[in-house]
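Visitor: Structure for this input, please:
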Amino acid sequence: MTIGLLGFGVVGRGVYEIIASRQDMKIAQICCLEDPSLPDARVTRDFQTIVQDETIDTVVEAMGGLHPAYEFVRAAMEAGKNIVTSNKALVAAFYDDLIPLAREKGLYIVLNPSPMDAQLMECGLEQIDLFLLNEIEGRMLSGQSEPEKILDTLLTRYPRAKVVLTLGEQGAWYASGTQRIYQGSFACTVVDTTAAGDTFTGYFLAAYLSGNTPQESMRRGAKAASLAIGKQGAAASIPLKQDVDAAL
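Guide: Next up is the predicted model:
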């Protein structure tokens, strides 16, 4: 994965530092107002250099706010690039524009609303391909409290979607219109659970979008989360791919 990073504040710098230690992805360009001297990424103030760079397949938006984040994200989508953003205000404000564009460009639309808020609740979510939810978010979206009823309600309401529902130490469910898969949590020594959910999400998505089966993707996510729980900290506890491979 070759990444164009938008923004180099607290979030953007954190993204850069995490990716700098990995071998399976790299940041090729960073668009920001500052001029940091970085050994492995080109820094630019002109977003078009990222849009026009054919080696960049994924744009990570870490600017925050609505403008120019919206204009940059839209341009990247028009160019056929994958988009990663945690900017829920941006998604909610321009949902009716960005989601149809994503569908037009053949992008797979994943929503991990962590945490869920009122703005997202008001969006029509019928075009979402995959929901990644914890139990609280599942309750908010479905109005149900039991995992099976949460899944039933969401699949009825959003029939095109797949749903992953995480339940902490109780494991996780994957559900579609044709199958349901339960993945238990792996036994581990609990040191810090801060990054468990995000680690599961990242490893599940990486496996699933690479063509692995839901079963294998759930297993990888759960194993990665168990390794993260065994270490102190948030980003620092996320295991490397080779560590997860070795543990499976």
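
Visitor: contacts, neighbours, all on C-alpha from now
Guide: OK.

Visitor: Mind pulling up the pLDDT for Thr194?
Guide: As summarised for this prediction, Thr194 has a pLDDT of 95.

Visitor: Roughly how far does the closest residue to it other than its chain neighbours sit from Ser37?
Guide: Nearest residue to Thr194, sequence neighbours excluded (C-alpha to C-alpha, 6 or more residues apart in numbering): Ala234, at 5.7 Å. Relative to Ser37, Ala234 is positioned 26 Å away (criterion: C-alpha to C-alpha, to the nearest Å).

Visitor: and those two? which has more neighbours close in?
Guide: Comparing Ala234 with Ser37 by other C-alpha atoms under 10 Å, the one with more neighbours is Ala234, at 16 against 9.

Visitor: centre of the chain versus stretch 132-149, how much separation?
Guide: On the basis of C-alpha atoms, centre = their mean, to the nearest Å, stretch 132-149 sits 19 Å off its chain's mean C-alpha point.

Visitor: quick one: buried residues of that stretch?
Guide: In terms of neighbour count (16 or more other C-alpha atoms under 10 Å), stretch 132-149 has its buried residues at 132-139, 141-142, 144, 147.

Visitor: which of the residues you listed lies closest to Tyr208?
Guide: In terms of C-alpha to C-alpha, no member of the buried residues of stretch 132-149 lies closer to Tyr208 than Leu132, at 12.2 Å.

Visitor: hang on, that closest one in a helix?
Guide: No: the assignment for Leu132 is strand, going by DSSP: H, G, I helix; E, B strand; the rest coil, so no helix is present there.

Visitor: sorry, back to before: list phi and psi for the residue nearest to Thr194.
Guide: Listed backbone geometry of Ala234 is phi -100, psi -90, with angles given as degrees, to the nearest 10.

Visitor: That one reaches Gly197, doesn't it?
Guide: No: at 10.5 Å, Ala234 does not count as touching Gly197 under the criterion of C-alpha atoms under 8 Å.

Visitor: list the contacts for Leu205?
Guide: For Leu205, the contact set (C-alpha atoms under 8 Å, 6 or more residues apart in numbering) comprises Ser217.

Visitor: can you check Thr153 too?
Guide: With contact set as C-alpha under 8 Å, 6+ apart, Thr153 has these partners: 142, 144.

Visitor: quick one: secondary structure of it?
Guide: With three-state DSSP as the criterion, Thr153 was assigned helix.

Visitor: So for stretch 68-88, what gets flagged as buried?
Guide: With the criterion 16+ other C-alpha under 10 Å, stretch 68-88 contains buried residues 69-70, 72-77, 79-83, 85-88.

Visitor: average model confidence for that stretch?
Guide: Across stretch 68-88, pLDDT averages out at 97.

Visitor: what is the rounded mean pLDDT of stretch 1-19?
Guide: When pLDDT is averaged over stretch 1-19, the result is 94.

Visitor: so what does the one helix or strand in the chain whose mean pLDDT sits lowest touch, helix or strand wise?
Guide: Between all helices and strands in the chain, the lowest mean by mean pLDDT, DSSP states H and E belongs to helix 118-121, at a mean of 88. With contacts defined as 3 or more C-alpha pairs under 8 Å, 6 or more residues apart in numbering; DSSP states H and E, the secondary structure elements packing on helix 118-121 are helix 88-93.

Visitor: In CSV, list the C-alpha atoms belonging to the lengthiest helix in the chain.
Guide: In the chain, with assignment by DSSP state H, the single longest helix is helix 214-229. The C-alpha trace of helix 214-229 is given here as CSV (Å, rounded to 0.1, in the frame of the first residue of the first chain):
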residue,chain,number,x,y,z
PRO,A,214,-14.6,-14.1,6.6
GLN,A,215,-13.6,-16.9,8.9
GLU,A,216,-9.9,-16.3,8.4
SER,A,217,-10.3,-12.6,8.6
MET,A,218,-12.1,-12.8,11.9
ARG,A,219,-9.5,-15.2,13.2
ARG,A,220,-6.6,-12.8,12.2
GLY,A,221,-8.4,-9.9,13.8
ALA,A,222,-9.0,-11.7,17.0
LYS,A,223,-5.4,-13.0,17.3
ALA,A,224,-4.0,-9.5,16.6
ALA,A,225,-6.2,-8.0,19.2
SER,A,226,-5.1,-10.6,21.8
LEU,A,227,-1.5,-9.7,21.1
ALA,A,228,-2.2,-5.9,21.5
ILE,A,229,-3.9,-6.6,24.8
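
Visitor: Nothing else from me, thank you.
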